[in-house]
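> Okay, predicted coordinates and the sequence, questions at the end:
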Amino acid sequence: MPHSVKGVVAKSKGAPVSVETIEIPDPGPGEVLVEVKACGVCHTDLHFREGAINDEFPFLLGHEAAGIVEEVGEGVVNVSPGDFVILNWRAVCGECRSCKRGRPWYCFNTHNAEQKMTLNGEPLTAALGIGAFAEKTLVAAGQATKVNSEAKPEVAGLIGCGVMAGLGAAINTGEVNRGDSVAVFGCGGVGDAAIAGSNLAGAHTIIAVDIDDRKLEMAKEFGATHTVDSSKQDPVEAIREITDGNGANVVIDAVGIPSTYEQSFFARDLAGTVVLVGVPNPEMKIELPLQEVFGRGGSLKSSWYGDCLPSRDFPMLIDLYLQGRLNLEKFVSETITLEDVEEAFHAMERGDVLRSVVII
């Protein structure tokens, strides 16, 4: 029978979110019902509320989550009731052209639950196919990745989006290696995760770039060896000065606007790599001298979800956290309730928090 639970809903473009009673069906074939324990407040949820992703209101927000499997539908074999899981929005299909090429981290046909959760009979659009600002949620089985239950839910859930995006941008997409120099533009949650990933990979020099002194100080805690306030100095020149006039081997743009991408392009060394992980809006354009694109060589890459494979990466990162090698707790600025999500959006816009995490 359906489950009546509380969830955070965005009913119309730009309107404050509200906590509503929603209905969740029992899991069907290939689906999993998850009791949500914690869910991070991510910029993507705010983008959904603002109608910046699509206009399929009402939205059930939240996607950066961890919880306990409560029920599984017919045919589900990867998880069982009682398993501690992190939710992901890349449930690989195994059948698309990317999966068949052996590149499932680029899967073009990821799975979501077939059944809809509802509000007063009206279907809800689950943010990124998850909808985890709720006491329970319904997802496709492949969206639930089992990890070690010793991890705290409030930190484990962060791997489901922001932390994975940043870590993966450095380790998977940028292929940062020991001894490399790395520059990261934008020191929010994703940028700091890129710094932590670069540190984990053995980068020798890690340069954090931002316009907020508070964020630059925080970046040092994740492994930044140098900081640059780009509101006070030219970041390209500063990065070159730090790297003996050469530029960084890998430059990661975690902002995603034309000015930071152009700076990233010119701040890299010859044959270096630029990784774009910050998400631009559809109107943004970039213009670069084609001769420089050719003459500098190297790679210009985009990083989708940190080019991760959840079944491979999530358990590994949780193990690193439990071993004390990846400090996920530093990402959590505050823990809140479902009723506090709207205020958490404002705190995020003000730059007051790295991550607010809803505890359920």
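Yep, it's here.
> Going by C-alpha atoms from here, please, whenever you check contacts or count neighbours.
Will do.
> Strands along the stretch 101-250 of the chain, start to end?
Assigned by DSSP state E, counting those that start in this stretch, the strands in the stretch 101-250 of the chain fall at 118-119, 122-123, 125-126, 136-140, 144-146, 181-185, 205-210, 226-229, 248-253.
> Show me how this structure divides into domains.
3-160+327-359, 166-303 (automatic domain parsing).
> Can you measure across the last one, start residue to end residue?
Going back to what we said before, that points to domain 166-303. 9 Å (CA to CA, to the nearest Å).
> What of the longest one?
Taking CA to CA, domain 3-160+327-359 runs 20 Å from one end to the other.
> and it, how far from the chain's centre?
Mean C-alpha position of domain 3-160+327-359 versus that of the full chain (CA atoms, centre = their mean, to the nearest Å) differs by 12 Å.
> So for that domain, mean pLDDT?
Domain 3-160+327-359 shows a mean pLDDT of 97.
> next one: the last one
Averaged across domain 166-303, pLDDT comes to 97.
> and that domain, how far from the chain's centre?
Distance of domain 166-303 from the chain centroid (CA atoms, centre = their mean) equals 17 Å.
> Repeat that for stretch 162-177.
Counting by CA atoms, centre = their mean, stretch 162-177 comes out at 11 Å from the chain centroid.
> which parts of it are buried?
By 16 or more other CA atoms under 10 Å, the buried positions in stretch 162-177 come out as 162-177.
> and the domains of the chain as JSON lines, adding distance to residue 317?
Below are the domains of the chain laid out as JSON lines (distance: least, CA to CA, whole Å):
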{"stretch": "domain 3-160+327-359", "distance to residue 317": "8"}
{"stretch": "domain 166-303", "distance to residue 317": "10"}
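> Pull stretch 178-197 out as PDB, backbone CA atoms only.
Extracted in PDB, the C-alpha atoms of stretch 178-197 (Å, rounded to 0.1, in the frame of the first residue of the first chain):
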ATOM      1  CA  ARG A 178      51.600  12.500  -8.100                       C
ATOM      2  CA  GLY A 179      53.800  15.500  -8.500                       C
ATOM      3  CA  ASP A 180      51.300  17.400 -10.600                       C
ATOM      4  CA  SER A 181      50.400  21.100 -10.200                       C
ATOM      5  CA  VAL A 182      46.700  21.800 -10.000                       C
ATOM      6  CA  ALA A 183      44.700  25.000  -9.900                       C
ATOM      7  CA  VAL A 184      41.000  25.000  -8.900                       C
ATOM      8  CA  PHE A 185      38.700  28.000  -9.700                       C
ATOM      9  CA  GLY A 186      35.800  28.200  -7.300                       C
ATOM     10  CA  CYS A 187      36.100  26.900  -3.700                       C
ATOM     11  CA  GLY A 188      32.500  25.800  -2.900                       C
ATOM     12  CA  GLY A 189      31.700  22.200  -2.200                       C
ATOM     13  CA  VAL A 190      32.600  20.900  -5.700                       C
ATOM     14  CA  GLY A 191      35.800  23.000  -5.800                       C
ATOM     15  CA  ASP A 192      36.900  21.900  -2.400                       C
ATOM     16  CA  ALA A 193      36.300  18.300  -3.300                       C
ATOM     17  CA  ALA A 194      38.500  18.800  -6.400                       C
ATOM     18  CA  ILE A 195      41.200  20.100  -4.100                       C
ATOM     19  CA  ALA A 196      40.800  17.100  -1.800                       C
ATOM     20  CA  GLY A 197      40.900  14.800  -4.800                       C
END
